[in-house]
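Novice: okay, predicted coordinates and the sequence, questions at the end:
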Amino acid sequence: MTTITKAACVGGGVIGGAWAARFALAGIDVNIFDPHPEAERIIGEVMANAERAYGMLTMAPLPPLGKLTFCKSIQEAVEDVDWIQESVPERLPLKRGVITEIDAAARPDALIGSSTSGLLPSDLQAEMKHPERMFVAHPYNPVYLLPLVELVGGKKTSPQTIRRAEEAVAEIGMKGVVIAKEIEAFVGDRLLEALWREALWLIQDDICDTETLDDVMRYSFGMRWAQMGLFETYRIAGGEAGMRHFLAQFGPCLKWPWTKFTDVVDLDEALVEKIGAQSDAQAAGRSIRELERIRDENLVGIMHALKASDGGKGWGAGKLLADFEKRLWAKGGTPSTAHDVSGPLRLVETRVNAAWVDYNGHMTEHRYLQLFGDTSDALLKLIGVDFAYVEAGHSYYTVETHIRHLGEAKLGQALYTTLQLLSSDEKRIHFFTRIHDAASGDVIATAEQMMLHVDAKAGKSVPAPAEVMAKLKPIAEGHAKLDAPDGAGRHVGQKR
Ligand SMILES: NC(=O)C1=CN([C@@H]2O[C@H](COP(=O)(O)OP(=O)(O)OC[C@H]3O[C@@H](n4cnc5c(N)ncnc54)[C@H](O)[C@@H]3O)[C@@H](O)[C@H]2O)C=CC1
Ligand SMILES: C[N+](C)(C)CC(=O)CC(=O)[O-]
């Protein structure tokens, strides 16, 4: 299994910055080289949006955020990393020069992916000493949310490189699709170019403006394409007779004058200005960062819908997200060292991200419950109730929660949680969790909760097995010596 422990991004614009966010959110440290004087600010803003998006995307325990290091040269950025992603502007001589420089400084076993949207990998690797480890890894914007990477090898790329790349991107929640033969623009951009060319003609010929064209897409086939591609969609459109009927009915239309595919519109000054003005009007004053946030919210919603599809098994990008989360749950929260049971267990470290903040400017209610839930999940992992245990048919369910809010948590604030067992037996675990401000240690919220051990299929509580009880025992014994927490056993009510 190929995993990336450290990555480098050469070029940190729209795509390089979002690659950096994808890596960092998967817990990978990233070196960045980009000569742009404001690269750090720009990537910082992309990171903020990406963290906000992941806060909405998943409740699975993300690894600690990878560290971003801004480097002064390509050599410094790439010399000690496993994966280098080149994302400099789309010009062959520039890209080839940069990739050749990366090749000279990188470890011979490091993988080198190019974000190019259409250049041939054979052309990019032409001057490399170790071309066998170079390939196209073409992502889609925003790279931190859209999971696809087209993996395209050149004449000198080894099959092993493509296999390693496929494995490595899977580990960061992406779907590597291997393109069988190199061709300009690969698969995705060939399709997009065809659509884009036709769209430009429709604007040039005053058939519609940019907003109308976008409405035609987003209220119709745009919605379809997130969940089924062209062929699966058209199979259904063929009715009960399926694809063959569809081809018989609509195949001949391709010969009618419905498209102008062979002609490329002349993007002269007038057309550029026309599209620019229509696009400005469509944006209605929203900044690019605002539009990115709206786009991200929509994409997260779509992925959540797809995750619930096919009777809960997940579909397409939603199934991929579910599988990624399984891996995060399997890895996350697993204690690396034995816990000291002479005090409350310190279990979760986190930071308030933008998606957690409400209109009052502080962490919103349900995110407290999420943190309490993450903490009880961490306790369960500690006593052997992990993903495999749950899949085998048993689990703990929370049956009662009492939360007290004692302070506020603001955007970016570092927090940690501690958990104290109050009592336990074969069926029940009664416990008290505190959320602390990481800087001062002050308690900002507490929860008293009860969990029941259940047989999930039978839908009833049953005694936990001996191996779980054996792991629970030392914690229970240690915590039996502690004073009852202030606030335990409280109920909601006014003093009369
Ligand atoms: N923007 C998009 O929607 C997509 C772009 N791509 C591909 O990603 C690549 C980058 O495109 P964008 O990020 O959109 O461009 P961009 O213009 O936003 O970013 C390019 C960055 O490269 C930096 N740069 C220029 N020369 C450099 C050098 N010698 N070394 C290091 N950095 C250098 C620039 O300062 C800039 O920050 C292109 O190959 C493009 O085809 C791929 C998928 C989608
Ligand atoms: C416009 N583009 C060719 C750079 C687009 C892409 O390469 C993929 C995308 O994200 O649309």
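Specialist: That came through, no problem. Ligands and ions are numbered 1, 2, ... in the order given.

Novice: what segments of the stretch 151-300 of the chain are helices?
Specialist: 159-171, 188-204, 210-218, 221-225, 230-237, 242-250, 269-283, 288-308 (DSSP state H, counting those that start in this stretch).

Novice: deepest of these, which one?
Specialist: Greatest average neighbour count among the helices of the stretch 151-300 of the chain goes to helix 159-171 (a mean of 18), per mean count of other Cβ atoms under 10 Å. From N, CA and C alone the C-beta is placed, and that goes for glycine too.

Novice: give me the contact list for that one.
Specialist: Residues from elsewhere that reach helix 159-171 (Cβ atoms under 8 Å, 6 or more residues apart in numbering): 1-4, 26, 82-83, 111, 113, 132-135, 137, 149, 151, 153, 175-176, 178, 327.

Novice: now do stretch 474-492
Specialist: Here stretch 474-492 has contacts from 339, 341-345, 382-383, 402, 404, 420-424, 432, 434, 446, 448, using Cβ under 8 Å, 6+ apart.

Novice: now do it: distance to the chain's middle.
Specialist: For stretch 474-492, the separation from the chain centroid amounts to 38 Å (computed by Cα atoms, centre = their mean, to the nearest Å).

Novice: please identify the buried residues of it?
Specialist: Using 16 or more other Cβ atoms under 10 Å as the test for burial, stretch 474-492 gives 475-476, 478-479, 485.

Novice: start to end distance for that stretch?
Specialist: Start to finish, the residues bounding stretch 474-492 are 32 Å apart (Cα to Cα, to the nearest Å).

Novice: all numbers from here: first residue = 48
Specialist: Noted, 48 is the first residue going forward, which turns the last one into stretch 521-539.

Novice: what bits of the stretch 98-247 of the chain have low per-residue confidence?
Specialist: For the stretch 98-247 of the chain, no stretch is flagged by pLDDT under 70.

Novice: what ranges does this protein have for its strands?
Specialist: 53-57, 76-80, 115-117, 130-133, 158-161, 181-186, 195-200, 222-225, 392-398, 441-452, 461-471, 475-484, 490-502, 507-508 (DSSP state E).

Novice: so what's the residue count around the closest residue to ligand 2 within the chain?
Specialist: Among all residues of the chain, S164 sits closest to ligand 2, at 3.3 Å; criterion: Cβ to the nearest ligand atom. By other Cβ atoms under 10 Å, 19 other residues sit near S164.

Novice: within range of ligand 2, give me the residues from the stretch 48-197 of the chain.
Specialist: By Cβ under 6 Å from any ligand atom, the residues of the stretch 48-197 of the chain that approach ligand 2 are 164, 187-188.

Novice: ok, which of those also contact ligand 1?
Specialist: 164, 188.

Novice: including distance to I89, could the residues of the stretch 48-197 of the chain next to ligand 2 go into a markdown table?
Specialist: What follows is those, written out as a markdown table (distance: Cβ to Cβ, whole Å):
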| residue | distance to I89 |
| --- | --- |
| S164 | 20 |
| Y187 | 19 |
| N188 | 14 |
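
Novice: A295: which of the residues of the stretch 48-197 of the chain next to ligand 2 is nearest?
Specialist: Distance to A295, by Cβ to Cβ, is smallest for Y187 among those, at 33.3 Å.

Novice: my read: the closest one touches L195, true?
Specialist: Yes. Assessed by Cβ atoms under 8 Å, Y187 is found in contact with L195 at 5.4 Å.

Novice: which neighbours do these two share?
Specialist: Common neighbours of Y187 and L195 (Cβ under 8 Å, 6+ apart) are G235.

Novice: any idea which residue of the stretch 198-347 of the chain lies closest to ligand 1?
Specialist: D236 (8.1 Å).

Novice: tell me the contacts of that residue?
Specialist: So D236 contacts 164-165, 185 (Cβ under 8 Å, 6+ apart).

Novice: give me every residue that touches the residue of the chain found nearest ligand 1.
Specialist: Nearest to ligand 1 in the chain, going by Cβ to the nearest ligand atom, is G60, at a distance of 1.9 Å. With contact set as Cβ under 8 Å, 6+ apart, G60 has these partners: 81, 83, 89, 134, 136.

Novice: try 10 Å
Specialist: Taking Cβ atoms under 10 Å, 6 or more residues apart in numbering, we find G60 in contact with 81, 83, 86, 89-90, 93, 134-136, 162.

Novice: and for Y101, the neighbour number?
Specialist: Neighbour tally, Y101, other Cβ under 10 Å: 23.

Novice: now, which of the contacts of helix 206-218 lie close to ligand 1?
Specialist: Contacts with ligand 1 are made by none of the contacts of helix 206-218, judged by Cβ under 6 Å from any ligand atom.

Novice: type out the PyMOL command that picks the buried ones from the residues you listed.
Specialist: With 16+ other Cβ under 10 Å as the criterion, this PyMOL line picks the buried residues out of those:
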select buried, resi 49+51+73+129+130+158+160+179+180+181+182+184+196+198+200+222+223
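
Novice: picking up where we left off before, quick one: the residue of the chain closest to ligand 2 from D236, how far?
Specialist: Applying Cβ to Cβ, to the nearest Å, the value for S164 to D236 is 5 Å.

Novice: what is in contact with those two at once?
Specialist: Counting by Cβ under 10 Å, 6+ apart, the common neighbours of S164 and D236 are 185, 187, 197.

Novice: of all these, which comes closest to S267?
Specialist: Y187 (20.5 Å).

Novice: wait, the closest one sits on I62?
Specialist: Yes. Counting by Cβ atoms under 10 Å, Y187 touches I62, with 9.3 Å between them.
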